[in-house]
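A.B. asks: what's the 3D shape of this:
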Amino acid sequence: MRHNDGMATVTTAQILQTLAAAGVPQGELAARAGIARETISRWTTGAQRPSLEALTELVRIAGFELEVRLVPAEPKLVELVRERSVLGPTELVSSLVPDWPACRRALRIAAAVADLAVVVGPVAAALRGAPQRLASGRVDLVAAPEHGEALFDRLLAEDAQLDRVEVAPNGERREVWDAGAARLTVRRALTGVHDLPELLARAHPVGMARDDVGVVRVALAEDLLEVSLASPWAEDAVYRAGLRAVLASGLYHRRELDRDRSAAT
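C.D. replies: Alright, predicted model coming up:
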């Protein structure tokens, strides 16, 4: 769950962490509210999400007020999302990237490791319907830490080579892999995501039969938006408005059903 505090968009976990920093730790908060400490712990990790009413009451009990501001999606973006909803996954991405052949090669590699890694980032947002043009066709992957060695070997088997490791200002790391003109990144942790296994488990397969890409696993739009809000990488901020438009379009759930079929084009 995300809430607006002034002009900033914050998560439930950040609200609870702010209360703890203000001198109201989880144990005391649970006692005051008559809620099991394990419940608040699950809210903090993202394993469970409270209702807005429950969170508002919890903040009130701690001596604060929670102000929520509704931010409408941009109407023009919502309209564009609806116009593009007739496109298949391949067209959703190929129409937005500057170098489709390189992106296609990166997606083929992502399909080859789909049992180990999930697509996130700008290309994932495009696959979910976000209409912003992409600066590159790089494909971003995230995998569970325990799959690191297997993923490393599989990427090498796909003729990809590890080029470098980048470190964000907050310490988040990502590997940069090249396969000819194709580029991928691999992360094993995502800032703001406390339950990575759950995000990975929720990801859906997206069939890209046209151009013989294969089937990739892509994070859900709501998870991609939450990742972008906390991400230290500048490129993850670009598609936030597009994802909000996707979620506001009224087409997202139908799109999930349509695009999970491996016969999608």
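
A.B. asks: need the contact list for the most centrally placed residue in the chain.
C.D. replies: Within the chain, the residue whose C-alpha comes closest to the C-alpha centroid is Leu224; the distance, by CA atoms, centre = their mean, is 2.1 Å. By CB atoms under 8 Å, 6 or more residues apart in numbering, the contact list for Leu224 reads Val120, Gly121, Ala124, Ala125, Arg128, Tyr239, Leu243. To be clear about C-beta, it is placed using only N, CA and C from the backbone, and glycine gets the same treatment.

A.B. asks: Pull out the buried residues from the helix or strand it falls within.
C.D. replies: Using DSSP states H and E, Leu224 sits in helix 221-230. Residues of helix 221-230 classed as buried: Ala221, Asp223, Leu224, Leu225, Glu226, Val227, Ser228, Leu229, Ala230 (neighbour count, 16 or more other CB atoms under 10 Å).

A.B. asks: what's the neighbour count on Glu38?
C.D. replies: By other CB atoms under 10 Å, 12 other residues sit near Glu38.

A.B. asks: would you say it is within a helix?
C.D. replies: Yes. Glu38: assigned to a helix according to DSSP: H, G, I helix; E, B strand; the rest coil.

A.B. asks: quick one: it and Val216, what's the gap?
C.D. replies: Using CB to CB, to the nearest Å, we find Glu38 at a distance of 35 Å from Val216.

A.B. asks: again, but for Arg108
C.D. replies: In terms of CB to CB, Arg108 sits 9 Å off from Val216.

A.B. asks: Looking at those two, which is more packed in?
C.D. replies: Set side by side, Arg108 and Val216 show more neighbours around Val216, with 28 against 19, by other CB under 10 Å.

A.B. asks: Could you measure from the more buried one over to Trp43?
C.D. replies: Relative to Trp43, Val216 is positioned 31 Å away (CB to CB).

A.B. asks: Can you give me the neighbour number for the residue nearest to Arg173 when sequence neighbours are not counted?
C.D. replies: Once flanking residues are discounted, Arg173 sits nearest to Val167: 5.3 Å by CB to CB, 6 or more residues apart in numbering. A count of nearby residues for Val167, using other CB under 10 Å, gives 10.

A.B. asks: Distance of Val167 relative to Val142?
C.D. replies: Remark: distance between Val167 and Val142 (CB to CB) = 16 Å.

A.B. asks: do the same with Gly27
C.D. replies: Noted for Gly27: a distance of 32 Å to Val142, by CB to CB.

A.B. asks: Please identify which of these two sits among more neighbours.
C.D. replies: Ranked by neighbour count (other CB under 10 Å), Gly27 and Val142 place Val142 first, with 24 against 12.

A.B. asks: What separation do you get for that one and Ala150?
C.D. replies: Applying CB to CB to Val142 and Ala150 gives a distance of 15 Å.

A.B. asks: and if you look at Leu29?
C.D. replies: Distance, Leu29 to Ala150, by CB to CB: 40 Å.

A.B. asks: what do you get for Val68?
C.D. replies: Distance from Val68 to Ala150, counting by CB to CB: 43 Å.

A.B. asks: Which one's more surrounded, those two?
C.D. replies: Ala150 (14 against 11).

A.B. asks: Could you report the pLDDT at the residue lying closest to the more buried one once chain neighbours are set aside?
C.D. replies: Using CB to CB, 6+ apart and skipping the chain neighbours, the partner closest in space to Ala150 is Leu116 (6.0 Å). Listed pLDDT for Leu116 reads 97.

A.B. asks: Count the residues that sit near Leu116.
C.D. replies: By the measure other CB under 10 Å, the count of residues near Leu116 is 20.
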